[in-house]
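Enquirer: model the structure of this input:
(one chain, ligands or ions: 3)
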Amino acid sequence: MTKNIKLLSWVDEMAALTKPESILWIDGSEEQLEMLRKEAMETGELIKLNEEKLPGCYLHRSALNDVARVEQRTFICTSTKDGAGPTNNWMAPADAYAKLGALFDGSMKGRTMYVIPYSMGPVGSEFSKIGIELTDSIYVVVSMAIMTRMGKAVLDQLGDGDFVKGLHSKAQLSEEDRYICHFPEDNAIWSINSGYGGNVLLGKKCFALRIASYLANKEGWMAEHMLILGIENPKGEVKYIAAAFPSACGKTNLAMLIPPELYAKEGYKVWCVGDDIAWLRQGPDGRLWAINPENGFFGVAPGTNAHSNFNALASTKKNAIFTNVALDTSDNTVWWEGMTDEKPAHAIDWKGNEWTPDKFVKADKSTYAAHPNSRFTAPAENCPCISSEFNSGAGVPISAIIFGGRRAKTAPLVYQSRNWQHGVFVGSTMASETTAAAAGAVGVVRRDPMAMLPFIGYNANDYFAHWLDMGKKLGDKAPKIFNVNWFRTDDEGHFIWPGFGDNMRVLMWILGRCDGTMDADETAIGFVPKAEDINLEGLDITVDTVKELLNVDKELWTEETKGIDEFYAKMGRVPAELQGELATLKANLK
Ligand code: GTP
Ligand code: SPV
Ligand code: MN
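Expert: Ligands and ions are numbered 1, 2, ... in the order given. Model (predicted):
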């Protein structure tokens, strides 16, 4: 399929190491994928679902100990420790190659090695980059067929060019020997002993964020953990917004939101360009333009329902793969907590055990039928609100950048930074409660700068400096920067803001700020809306509640600056401009 000497010799070298029984080049054809699905059904790796209700859909169950990203076992292997910086685990490249080389040695014995050529971004776009993933997992092949543009067309586009070298083996799925290693200086990724999405679909977090952010710093663009959406007004004009929220904090939901009645009846529409990753660069007009490098959604299943996210649910109705959700045995379909109020009478839970509703205890997630980080892999083309620009190689121009996280207190519903530099400060100091998307404790507040803490592929101090540089390059054409928090809770721990589709009310204020039609009050932390300017038509929420949601509590924020002090101290060499912003914040709070 290719004459690319570098590619052919690298595949030979990796095959000599992993010793597969055979090698299969993935051409992307439906026949080949169908053959692989059949094989995976025979081994139980994939379970075929109800062909009438969920045509072309499959269920996959991962190993019980392999259900999320493993940040403790994820490494950036740069030649110096400073290259990886204070936020990453580091191994010297030679040590990592030696350690993982021993694990990869013979790891594909008796198995087939699949060679997957894939493009992040539309094939041939100026933004796009090509990767090759070698894997011994059919689940990875069929998932990459959804998540990326892949196959023969990509090899043709590659010619004798360069590519990101990704090597993955399930090996024995052993937890102690699980490693996700990135070699930014070699354009390479080695992942072993996992079968979970974020660890093994190497085009996603490993390439499109960790390797890409390293490249972006060198080449003057940005790779970010951001959704991209377009809001079309009744005149047919579309404004684009990019938003960075940590894992399981609402990107997929916001990206596909359905406008509330008050906007829908006026003719407003929302279009999804991407739900997880954005590659951004300055366009010929001086503005910041973005593409979504992916071709599908790897979305959180629990909580997704016809009301909370109709478009995401609709996207999963054909040619999708479900991972670690429950199997409803009455009709061979899938179910997860929060999909319907009524639970299935009988199901097989994500662990493969019999499950009935009487087993369910709300406070105990181990009794849930679906894993809290169960996911669907769905083609973007299934999404009812997919943007007409989704396949555009030129991308879309970004008017606003939004940061946000899960904060029970402190962060108001929305505020605007005073300028780009202040916005970078806001992003760099973001904090959020941890979620089930990564192994470890859930609900602990941690700093997660730009929602990129687990994904910055180089020194985070340099990453901040790069953000500042981008602002200087963009000048007055730079997007305005905002921060949102959908997750403020009352004293009983209930979310105060209705969220989901109603977040559009906040986006409308944001767009109003971008075109200069919306007023604001200046506070210590930036500009907040006048409560009356958040449209509450059709909601049973009072302006007073909104005032409460927008309140900037000086005591809490003074506490917050202490947390930021600590974080910046740990970071070591945060750019002086951001230190200056911190000093300004402290002065404002006095
Ligand atoms: P990753 O795929 O891990 O990057 O997650 P994501 O950022 O795309 O998050 P997603 O949209 O899948 O939402 C994760 C969880 O947050 C789900 O349980 C949602 O139901 C919940 N959620 C999303 N938006 C809102 C909101 O506006 N309000 C509230 N209260 N919950 C929300
Ligand atoms: C995330 O955790 O941010 C995800 C899922 O989008 S994963 O692909 O596992 O990273
Ligand atoms: Mn994500």
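Enquirer: pLDDT at G198, what is it?
Expert: Reported pLDDT at G198 in the predicted model: 96.
Enquirer: hmm, I was thinking of P259
Expert: On pLDDT, P259 comes in at 97.
Enquirer: contact partners for it?
Expert: Going by Cβ atoms under 8 Å, 6 or more residues apart in numbering, P259 touches 268-270, 501, 504. Yep, even glycine has a C-beta here, placed from its N, CA and C like the rest.
Enquirer: in which helix or strand would I find G512?
Expert: helix 504-514 (DSSP states H and E).
Enquirer: which strands or helices does that helix pack on?
Expert: strand 226-232, strand 238-244, strand 396-404, strand 414-416, strand 480-484 (3 or more Cβ pairs under 8 Å, 6 or more residues apart in numbering; DSSP states H and E).
Enquirer: most neighbours, which of the contacts of P259?
Expert: Highest neighbour count within the contacts of P259: V270, with 24 neighbours (other Cβ atoms under 10 Å).
Enquirer: just confirm it contacts I386, I think it does.
Expert: No: assessed by Cβ atoms under 8 Å, V270 is found out of contact with I386, at 11.1 Å.
Enquirer: on the three-state scheme, whatever residue of the stretch 51-200 of the chain ends up closest to ligand 3 is what?
Expert: Per Cβ to the ion, G198 is where the stretch 51-200 of the chain lies closest to ligand 3, at 7.6 Å. Per DSSP: H, G, I helix; E, B strand; the rest coil, the local secondary structure of G198 is helix.
Enquirer: leaving out sequence neighbours, find the closest residue to it.
Expert: R69 (4.0 Å; Cβ to Cβ, 6 or more residues apart in numbering).
Enquirer: give the contact list for the one you found.
Expert: 180, 196, 198-199, 205, 247, 437-439, 454.
Enquirer: got it, and F360?
Expert: Counting by Cβ under 8 Å, 6+ apart, the residues that F360 touches are 343, 367-369.
Enquirer: what segments of the stretch 151-300 of the chain are strands?
Expert: Shown for the stretch 151-300 of the chain, the strands assigned by DSSP state E, counting those that start in this stretch span residues 164-169, 179-183, 188-192, 222-224, 226-232, 238-244, 269-274, 278-282, 288-291, 296-300.
Enquirer: how close does the residue of the stretch 1-150 of the chain found nearest ligand 1 get to F403?
Expert: In the stretch 1-150 of the chain, no residue comes nearer to ligand 1 than R69, which is 8.9 Å away by Cβ to the nearest ligand atom. Distance of R69 to F403, computed by Cβ to Cβ, to the nearest Å: 21 Å.
Enquirer: which positions in this structure make contact with ligand 3?
Expert: Residues of the chain found near ligand 3 (Cβ under 5 Å from the ion) are 247, 276.
Enquirer: okay, now the domains of the chain?
Expert: 5-44+70-219, 224-295+388-589, 297-382 (automatic domain parsing).
Enquirer: next, the angle from the helix or strand where M14 lies to strand 164-169.
Expert: Using DSSP H and E, M14 falls within helix 5-18. On the basis of axes from the mean of the first three to the mean of the last three Cα atoms, to 10 degrees, helix 5-18 is oriented at 20 degrees to strand 164-169.
Enquirer: buried sites along helix 5-18?
Expert: Using 16 or more other Cβ atoms under 10 Å as the test for burial, helix 5-18 gives 7, 10-11, 14-15, 17-18.
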